[in-house]
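K.L.:
Sequence and computational prediction follow.
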Amino acid sequence: MSKTGLRSATQIRDTRSLARFGITSMQVRLTEDEGRRWDSQFTISGRTYQMQGFADLGRPRGADTDVILGIEALFALQGFPEDNTVVTSGYQLAQVAHLPDNGRTYERLKDSLLRYWRTGFIVREGFEVPGQTDVAYFNETLGFFEKISFWEQGRRGSDLAQGSLSRDRTLRVVLTPEFADSLRSGFIHHLDRELLRNIEQPPARALYRLLSAHRQNDDGQLQESLTVSLQDWREACGIQDVRASKVLRTLSAAHEELVALGYLTDVEIVGRGQKTQLTYRFRSESDPDPALVHQLLEANLGLSLVVAQQLAREHAPHVEAGIRFVKTRQASGGRGVTNPAGLLRSALKEPSRYLLDQEAPQVQLRVTRPRQEALKRQEQEAQVALNSRVEELQTATPEQQWQECRSSLRLVFQKHLTTDEWKTLERLCKAGDLSAAALLTDATRAAASLEMQSFVTALKAKL
């Protein structure tokens, strides 16, 4: 299969029934006892799920989500073969699972495939018998793979645990009939391939998959929001710690990333302890791009949140050019701009009239002395406020600074930095080599002064 074929599909077909059970834990690490056998019972949207899992090589977790989704994608791309067999290679699986082409990836692929091969589970469904107080339970044993045939690379005489999956030789994965039939059936949900590629952390990808499965009703309709109890959601996510504060901490980074990427518009948390409830609100196609809303508000043009959302929704292609246009007019002196919000709305409604599709010309600043002094005072006051905020944040540890500023930095840089550059930025900030607080302040200032491109260029040089 060509690289083009692997990358052509915009969606990944995922089994809704198995995804809802949360067999793959969103946690990256599990203890030996937690990973070999587990019992789950939870209720979501009025439906109760009961399952016992058995995994002598460890419960699938974290990045294993990428691997099972890769197998599902290959099975669909190959036309759902009647013999339930996916014929591929380590390299092709890594490509469709959005994993880098390096030695560590092929070690992870082999470990993940073997974990899914050795993972079985019992699904239970209860039936009440008329006239009797007892309940009859129907139990069914299920699994993912019947057999895996693969080549591996390793040193002469090395054991199975030390080798890695061959990059280029044939890999065959035989799906169980139940797993294959589930993928062939109409009871599936589609995952956005581009969104999956942009989600950086494995727990966030696992949470996205689980949310997508439970968000879709049996008739295929998508819910605008999903409300779950924290206790039930902990079971569905495969989080072992029962303390509410620990569960929320485990979920928080995934929440932030899915909000920053626009899949979620908000995560509402109400209640305390075991009575905590979460409400996930999903962004629909008609919702505005949160990054554009953020830029409109940060431009300080006098827009309310509601107006910023309306402009981002109705004029998305021209928002950034419109902000540059108004900022240029404000800096040009003369009579100035008495109503920047109104000017922006006019420019966005008639972009051709205001030449928003053309690069804004360089403007020679001609500022009168009184106005120059007023601008200088404003800049000094703003600088004092910025310095105060930076000093407050810089008393925190590098890790705390990163957690505090991460979502805002994500919104600022998501269109400028590649995935690898973002990871390098995170590493440098957490190590203290860069100050996340100072970086956010400088980036905001650069955006306001229309110097974002040069700022990003300088930052990339450091990365």
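P.N.:
Yes, it's here.

K.L.:
how about stretch 417-430 as CSV, C-alpha atoms only?
P.N.:
The C-alpha coordinates for stretch 417-430 follow below in CSV (Å, rounded to 0.1, in the frame of the first residue of the first chain):
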residue,chain,number,x,y,z
LEU,A,417,5.0,25.6,15.4
THR,A,418,5.2,22.0,14.2
THR,A,419,4.5,19.1,16.5
ASP,A,420,8.2,18.5,17.1
GLU,A,421,8.9,22.2,17.7
TRP,A,422,6.0,22.3,20.3
LYS,A,423,7.5,19.3,22.1
THR,A,424,10.9,21.0,22.2
LEU,A,425,9.3,24.1,23.5
GLU,A,426,7.5,22.1,26.2
ARG,A,427,10.8,20.4,27.2
LEU,A,428,12.7,23.7,27.4
CYS,A,429,10.0,25.4,29.4
LYS,A,430,9.7,22.5,31.9
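
K.L.:
Run the chain-centre distance for that stretch.
P.N.:
Remark: stretch 417-430 is offset 16 Å from the chain centroid, using CA atoms, centre = their mean, to the nearest Å.

K.L.:
Quick check: Leu210 vs Arg108, distance?
P.N.:
Distance, Leu210 to Arg108, using CB to CB, to the nearest Å: 21 Å. C-betas here are computed from N, CA, C, even on glycine.

K.L.:
same question, Gly90
P.N.:
11 Å.

K.L.:
now Leu230
P.N.:
30 Å.

K.L.:
pLDDT below threshold where in the stretch 251-400 of the chain?
P.N.:
By pLDDT under 70, the low-scoring segments of the stretch 251-400 of the chain are 285-286, 333-336, 355-394.

K.L.:
At which residues are the strands of it located?
P.N.:
264-270, 277-282 (DSSP state E, counting those that start in this stretch).

K.L.:
quick one, which of these is packed in tightest?
P.N.:
strand 277-282 (a mean of 18; mean count of other CB atoms under 10 Å).

K.L.:
Direction included, what does it pair against?
P.N.:
With DSSP bridges as the test, strand 277-282 is paired with strand 225-229 (antiparallel), strand 264-270 (antiparallel).

K.L.:
could I get the ones you listed as JSON lines with distance to Arg353?
P.N.:
JSON lines is the format used below for those (distance: least, CB to CB, whole Å):
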{"stretch": "strand 225-229", "distance to Arg353": "40"}
{"stretch": "strand 264-270", "distance to Arg353": "33"}
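
K.L.:
Which one, of those, ends up nearest to Gln453?
P.N.:
strand 264-270 (28.7 Å; CB to CB).

K.L.:
Spatially central residue in this structure, please.
P.N.:
Ile199 (3.6 Å; CA atoms, centre = their mean).

K.L.:
Excluding chain neighbours, what is closest to that one?
P.N.:
Arg205 (4.8 Å; CB to CB, 6 or more residues apart in numbering).

K.L.:
ok, now Ala308?
P.N.:
Leu296 (4.0 Å).

K.L.:
how close does the closest residue to Asp83 other than its chain neighbours sit to Ser164?
P.N.:
Spatial nearest neighbour of Asp83, excluding adjacent residues (CB to CB, 6+ apart): Val174 at 7.6 Å. Between Val174 and Ser164 the distance is 21 Å, computed by CB to CB.

K.L.:
and Phe80, backbone torsions?
P.N.:
Taking degrees, to the nearest 10, you get phi 50, psi 70 for the backbone angles of Phe80.

K.L.:
quick one: it from Gly143, how far?
P.N.:
Distance from Phe80 to Gly143, by CB to CB: 18 Å.

K.L.:
Please apply the same query to Leu191.
P.N.:
Counting by CB to CB, the gap from Leu191 to Gly143 is 22 Å.

K.L.:
re the thing from before, looking at this, the residue nearest to Ile199 is in a helix?
P.N.:
Yes: per DSSP: H, G, I helix; E, B strand; the rest coil, Arg205 lies within a helix segment.

K.L.:
Give me the neighbour count for it.
P.N.:
Neighbour count of Arg205, defined by other CB atoms under 10 Å: 27.

K.L.:
Kindly report the same for Glu194.
P.N.:
Neighbours of Glu194 using other CB under 10 Å come to 9.

K.L.:
And it, which helix or strand is it part of?
P.N.:
helix 193-198 (DSSP states H and E).

K.L.:
Just the buried positions in that helix, please.
P.N.:
For helix 193-198, burial by neighbour count (16 or more other CB atoms under 10 Å) applies to Arg193, Leu195, Leu196, Asn198.

K.L.:
what residues are up against the last one?
P.N.:
In this structure, Asn198 makes contact with Leu261, Thr419, judged by CB atoms under 8 Å, 6 or more residues apart in numbering.

K.L.:
let's go with 10 Å and repeat that
P.N.:
His98, Asp192, Arg205, Glu257, Ala260, Leu261, Gly262, Tyr263, Gln414, Thr419, Trp422 (CB atoms under 10 Å, 6 or more residues apart in numbering).

K.L.:
closest to Leu183 among the residues you listed?
P.N.:
Taking the contacts of Asn198 together and measuring to Leu183 by CB to CB, the closest member is Asp192, at 17.7 Å.

K.L.:
Quick check, the closest one in contact with Leu211.
P.N.:
No: assessed by CB atoms under 10 Å, Asp192 is found out of contact with Leu211, at 12.0 Å.

K.L.:
shared neighbours of those two, anything?
P.N.:
Common neighbours of Asp192 and Leu211 (CB under 10 Å, 6+ apart) are Tyr263.

K.L.:
more crowded one of those two?
P.N.:
Neighbours per residue (other CB under 10 Å) separate Asp192 from Leu211, with Leu211 holding more: 22 against 16.

K.L.:
Quick check: which element contains the more buried one?
P.N.:
helix 202-215.

K.L.:
Gln50 sits in which helix or strand?
P.N.:
strand 47-55.

K.L.:
and the helix or strand just after that strand, how far from the chain's centre?
P.N.:
The helix or strand immediately downstream of strand 47-55 is helix 64-77, counting by DSSP H and E. Centre-to-centre, helix 64-77 and its host chain are 18 Å apart (CA atoms, centre = their mean).

K.L.:
For helix 64-77, output the C-alpha coordinates as CSV.
P.N.:
Only the C-alpha atoms of helix 64-77 are listed here, as CSV (Å, rounded to 0.1, in the frame of the first residue of the first chain):
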residue,chain,number,x,y,z
ASP,A,64,-1.6,1.6,22.5
THR,A,65,-4.7,3.6,21.4
ASP,A,66,-2.7,4.7,18.4
VAL,A,67,-1.9,1.1,17.4
ILE,A,68,-5.4,-0.3,17.6
LEU,A,69,-6.7,2.7,15.6
GLY,A,70,-4.0,2.1,13.1
ILE,A,71,-5.0,-1.6,12.7
GLU,A,72,-8.6,-0.5,12.3
ALA,A,73,-7.7,2.1,9.6
LEU,A,74,-5.7,-0.5,7.7
PHE,A,75,-8.5,-3.0,7.9
ALA,A,76,-10.9,-0.5,6.4
LEU,A,77,-8.4,0.7,3.7
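
K.L.:
For that helix, the averaged confidence score.
P.N.:
Across helix 64-77, the average pLDDT comes to 91.
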